[in-house]
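[1] Pasting the sequence and the predicted model now:
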Amino acid sequence: MGYSKDETLKDKKSLNEIENTISKAIKKIGAKKENELCKYLPMHSGGYMHHFTLKKMKKKKPQDLASLIEKFVIQKDRPTIVAPKPRAARGSRKRKDQLVFTRSQLERMLNIAKLAGDKEIISVLRPKRSLAACKRNLINSIKQDRVDHDLWNAYAECATSIHNHAELGQSIIE
């Protein structure tokens, strides 16, 4: 599956052409690196070209990349930087009506719930443990001859939850 002489010669020629086009564009915008060209090349999805896309196009579609560089950098009197693609603000997915507590505040609320004996609030505020962590803690308490009903309940709840999820997944498959 070798290339013919004409194909390799054509590939070398197009590689030289794209390199020349890139070097002209770099000089025109006064850049130091090839990646700085990206900010001048707009994309259909909005924003400017990602540097990985530039590298990929350079290897797989050099003619397309050369035409983009020609159109947006070399042929323009003053090439303009493309605005970046708009992104969602940090924390924009957070719900506004949801209360956020620090770890110390949660621990204080958990202690208050324990003093009041409110099992429902305790189960809501208690950090969720994995089945492995529950097993490990339960085994350690048994080794220490200590009975911890809350730990047993947490283990039972975790095991039941996993069992229910497995049954649900099985019923979806069937």
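    Sure, I can see it.
[2] count of neighbours near the nearest residue to residue 113 once chain neighbours are set aside?
    Using CB to CB, 6 or more residues apart in numbering and skipping the chain neighbours, the partner closest in space to residue 113 is residue 121 (4.1 Å). In this view, the C-beta of every residue, glycine as well, is placed from N, C-alpha and C. When neighbours are counted by other CB atoms under 10 Å, residue 121 registers 15.
[3] What pLDDT is listed against residue 121?
    Listed pLDDT for residue 121 reads 84.
[4] for residue 166, same thing?
    With respect to pLDDT, residue 166 has a value of 65.
[5] Can you tell me the closest non-neighbouring residue to residue 101?
    residue 109 (7.2 Å).
[6] Please state the offset of stretch 20-36 from the chain centre?
    31 Å (CA atoms, centre = their mean, to the nearest Å).
[7] can you give me phi and psi for residue 48?
    Main-chain torsions, residue 48, degrees, to the nearest 10: phi -100, psi 170.
[8] Same question for the residue nearest to it when sequence neighbours are not counted, what's its three-state structure.
    In this structure, residue 48 finds its nearest non-sequential neighbour in residue 82, 4.0 Å apart by CB to CB, 6+ apart. When classified by DSSP: H, G, I helix; E, B strand; the rest coil, residue 82 comes out as coil.
[9] can you pull the pLDDT of residue 82?
    Taking residue 82 on its own, its pLDDT is 91.
[10] Count the residues that sit near it.
    Applying other CB under 10 Å, I find that residue 82 has 17 neighbouring residues.
[11] Tell me which residues touch it, please.
    Counting by CB atoms under 8 Å, 6 or more residues apart in numbering, residue 82 touches 39-42, 47-48.
[12] picking that back up, secondary structure element for the residue nearest to residue 101?
    helix 103-116 (DSSP states H and E).
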